[in-house]
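Asks: here you go, sequence then predicted model.
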Amino acid sequence: MYGNEERTRIITYTGIFIALFAVGSYITIPMIPVPFTLQTLFVLLSGAVMKKRAFIPVLLYIFFGAIGLPVFHQFTAGPGVLLGPTGGYIAGFVIAAIIVGNLYECRNKYVRSASFFAGSFAILGAGVIWLAVSTSMNLTESFLIGALPFIPGDCVKSAAAYFIAERINDKI
């Protein structure tokens, strides 16, 4: 165990990203039924920094929130949040981390940049589907309420995550 730098790096980044997800959830613009948060920025960034292991901090973040630590939006916690209207977006974090983590390993800058947008739209897609299921809306209503207002902001967050990731990975 001693001297395993890769393992130390994974543990350190996991802790940092769980903290960033929680901080990002507190930076909220209230909207009904889904608030606008900065979590997606940090989820996408975790994929670029942790690559294929980016799902680890996301799953731990979800676990911590599910057992009652107030890490979800507006200091909420518990399984009720995961089963409520925002649960699909939170589940989509795992998909996004996997997408970005796998695609960011490619050296092509176009594939790397596209991975952030693909991850962001995976979050929105999972969120829209779960929003429809959890609120008895149809998919069109769910898309209009749960995705359309977020697309411009998510595009900005995706671009920001890409540029931040390029700077971070140049230093690592």
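Replies: In hand now; what should we look at?

Asks: what's in contact with the helix or strand encompassing residue 58?
Replies: Residue 58 is part of helix 55-66, with elements assigned from DSSP states H and E. With contact meaning CB atoms under 8 Å, 6 or more residues apart in numbering, helix 55-66 is reached by 10, 13-15, 17-18, 21-22, 43, 46, 50, 71-72, 76-79, 81-82, 90-91, 93-94, 97-98, 101. C-betas here are computed from N, CA, C, even on glycine.

Asks: next step: those restricted to helices.
Replies: 10, 13-15, 17-18, 21-22, 43, 46, 50, 79, 81-82, 90-91, 93-94, 97-98, 101 (DSSP state H).

Asks: selecting buried members of those in ChimeraX, what would you type?
Replies: Buried subset of the ones in helices among the contacts of helix 55-66, written as a ChimeraX selection, criterion 16 or more other CB atoms under 10 Å:
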select :13,14,17,18,21,22,43,46,50,81,82,90,91,93,94,97,98,101
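
Asks: check contacts around residue 82.
Replies: Going by CB under 8 Å, 6+ apart, the list of residues near residue 82 reads 62, 65, 66, 90, 91.

Asks: tell me which helix or strand in this structure has the weakest average pLDDT.
Replies: strand 28-29 (a mean of 84; mean pLDDT, DSSP states H and E).

Asks: and after that strand, which helix or strand comes next?
Replies: By DSSP H and E, the next helix or strand past strand 28-29 is strand 36-37.

Asks: other residues contacting that next one?
Replies: By CB under 8 Å, 6+ apart, strand 36-37 touches 24, 25, 27, 28, 29, 73, 149, 150, 153.

Asks: try it again with 7 Å
Replies: Residues from elsewhere that reach strand 36-37, judged by CB atoms under 7 Å, 6 or more residues apart in numbering: 24, 25, 27, 28, 29, 73, 150, 153.
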